[in-house]
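Visitor: what follows is a protein structure lacking sequence information:
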């Protein structure tokens, strides 16, 4: 009964007209910054933080949280329509989501993304309400060795992301790892691949790389064959709603994605991103016909979209229950709490139940608002594709440049984005998929730093990876996955040999 | 975006107006600073203790400073030197200020080979805004009751204990290197990405100890998830009555994590006095004082510009020596 009483308290706080208004403002702003490529929730929340000084703490938090998950909804819109992931977590949505748009199913892709996100948001909110303290413990049981082993699983799974040549996928993962190495070596301070350029000592940013390789590469490719490629997208906009067939394929994927996201999201540091990648891998592995993936499979949108939203929601758990931020947005929210004189930590839940439960209740309300905002907008977004490409691409370039600049107020990153755009076009010509590259880029540095951290903690003894049960389990999973990936490949080669 | 674009438009209008004003009467300009929004460049990302301090200052600035806002601009990177270098290239007109800290202002020149500025001469010190007290926290499974006991065991077993830091040359690294040197012990540095990650690693028991700002660690200390072993400031940290100063184990030991405001080199002394007076008033505003001293568990300082100048000069002596002795080499 405690649970119901708590929820009642929470909804009592979240349903006051003022707080509903703040949730709505947050969701609208979040959707907007999500749709604009590159302008992410971190920059937006940082900018709006001063506004919350004058609000009730719970109202401020409700608004900031709305921006955060609103951006998750909005981010999938650009990923699907113009192949531009604004957030790390919408990288995989590009793969099949944009293909669906090319097949004339942009409306269906956007609908499934919104509904899948809503379902995941609902489930994750209840998970937070019911299981916050135990889930927070799961997150804490991951130390350096466990993270390293998780990254090993992730990198092997990255190969599954690719459709087409496995060799090319492996090459792209390795290139991603190399790009991830650029910058200052965290443990020694040594410079790697910086060529004496000071700005490179902080490494290459995710936003310039993702926007360049995915978005600008696509723009160049479209301009090379203007008529034929653009027509692919705009001429065949059919029904916005899902067909029965699509619905049947999408809902189980949504459920699986939600599960994956709720678990991985609790891990600090990129929970939502890992969730989206994992959601995609699960769908591709479970599919009867994996060859459909990369050509517009609806499960490839439903799974990762649900996973990233569940992951984003679950990343509130360590912040709310332990006062430890899992990502930059959560760090800002802790900053907002501190300014209001609330010391974030385990005691918030008991000492300020109205704040905690009001926040939880507002998450569900915010998700509901986002679906209501987004579903009618889908028609509008799809109309956007009818804008002549010679105008659309200029807008894409302009917003990309603004977005990239605002991340660190740094003009060098805009130039970098342009260079990566050219590289992205080269990849398209070579038929190399950029998604494995980005995964290598994100996971590589995490893997390295956790490997070295673990080795320092153990005093140089590699057995630390096998002595810890979670780490051992993950390494076994990685070995099995490697076998699954390698077997058909080896068998395929042998068939070729025998036929020859 | 609406806020930024509004501010920008405001900024441009005001810039045109003040440019005309400056040409006519420079002395008048100093007594009326600020006549347009002031930028405070912060060398760390949004969130975190230093950023919160900047935002606390910003929240009290407008009422006192002719209604002009203090705009916090986060430019993380290069251990704070990206932001610092950008500020040194600005005009010394008081409209671009920098949130100074030990990294960019007292030690970066010995850690980075090609630093584009010299911290001895590149800035005009304006005011010592606040100290953020730092405490060494320890994982609760270790048996030591105080810093002296830990040091005694660490002396017997060099390299057995490890500490978490947030990067080579970061203040967390410097402070622990100083502790190592003063206590004649050898604890191993393990680098994490942020104060939050460092704290988690101590809670989990992966790291043995870590230096963490009190505002970040206080929740976990009160819950007993980590032990507050010793405070770095000379004075007892009021929020942590069970955590004595490190000076109890190591007489004379004292580190303040200071933050203050500087501008590019060459600000007119009259203007420095004016900016200093305004920030002193901001720091005396009850709301700001309360936010810094109570919510942030920090210590608002204030005082004349000369006092901050002396502090930076002293720190410019201490930290380069610590960094060199600990083998942190320029890259």
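Guide: Good, I have the coordinates. Worth saying up front: this structure is predicted, and the values here are computed from it rather than measured.

Visitor: strands of the stretch 51-200 of chain B, start to end?
Guide: Assigned by DSSP state E, counting those that start in this stretch, the stretch 51-200 of chain B shows strands spanning B:70-74, B:96-100, B:123-132, B:134-138, B:162-165, B:188-191.

Visitor: dump the ones you listed into a markdown table; add mean neighbour count and distance to chain A as well.
Guide: All C-beta atoms are positioned from the backbone trio N, CA, C, and that covers glycine. Shown next, in a markdown table, are the strands of the stretch 51-200 of chain B (neighbours: other CB atoms under 10 Å in any protein chain shown; distance: least, CB to the nearest CB, whole Å):
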| stretch | mean neighbour count | distance to chain A |
| --- | --- | --- |
| strand B:70-74 | 22 | 6 |
| strand B:96-100 | 27 | 13 |
| strand B:123-132 | 25 | 12 |
| strand B:134-138 | 27 | 13 |
| strand B:162-165 | 24 | 6 |
| strand B:188-191 | 20 | 5 |
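
Visitor: could you dump those strands to CSV with mean pLDDT?
Guide: Output for the strands of the stretch 51-200 of chain B, formatted as CSV (pLDDT from 0 to 100):
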stretch, mean pLDDT
strand B:70-74, 89
strand B:96-100, 97
strand B:123-132, 97
strand B:134-138, 97
strand B:162-165, 95
strand B:188-191, 92
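
Visitor: out of those, flag the one nearest residue B:38.
Guide: For residue B:38, the closest of the strands of the stretch 51-200 of chain B is strand B:70-74, at 5.1 Å, according to CB to CB.

Visitor: show residues contacting that closest one.
Guide: Residues from elsewhere that reach strand B:70-74 (CB atoms under 8 Å, 6 or more residues apart in numbering or on different chains): A:46, A:50, A:409, B:7, B:37-42, B:44-46, B:51, B:54-55, B:57-58, B:61-62.

Visitor: buried residues, the helix or strand where residue B:290 lies. List them.
Guide: Assigned by DSSP states H and E, residue B:290 belongs to helix B:286-290. Residues of helix B:286-290 classed as buried: B:288, B:289 (neighbour count, 16 or more other CB atoms under 10 Å in any protein chain shown).

Visitor: quick one: the very next helix or strand once past it to chain centroid distance?
Guide: Sequence order places strand B:299-300 as the next helix or strand after helix B:286-290, per DSSP H and E. Between the mean C-alpha location of strand B:299-300 and the chain-wide mean there is a distance of 12 Å, by CA atoms, centre = their mean, to the nearest Å.

Visitor: what packs against strand B:299-300?
Guide: strand B:123-132 (3 or more CB pairs under 8 Å, 6 or more residues apart in numbering or on different chains; DSSP states H and E).

Visitor: the strand it packs on: partners in the sheet, and parallel or antiparallel?
Guide: Strand B:123-132 has its sheet partners listed here by DSSP bridges as strand B:257-264 (antiparallel), strand B:299-300 (antiparallel).

Visitor: what are the contacting residues of the following helix or strand past the last one?
Guide: Right, the one you point to is strand B:299-300. For strand B:299-300, the following helix or strand on the C-terminal side (DSSP H and E) is helix B:305-325. With contacts defined as CB under 8 Å, 6+ apart, helix B:305-325 is touched by B:100, B:102, B:105-107, B:109-111, B:119-120, B:125-128, B:169, B:174, B:177-178, B:181, B:258, B:260, B:262, B:272-273, B:276.
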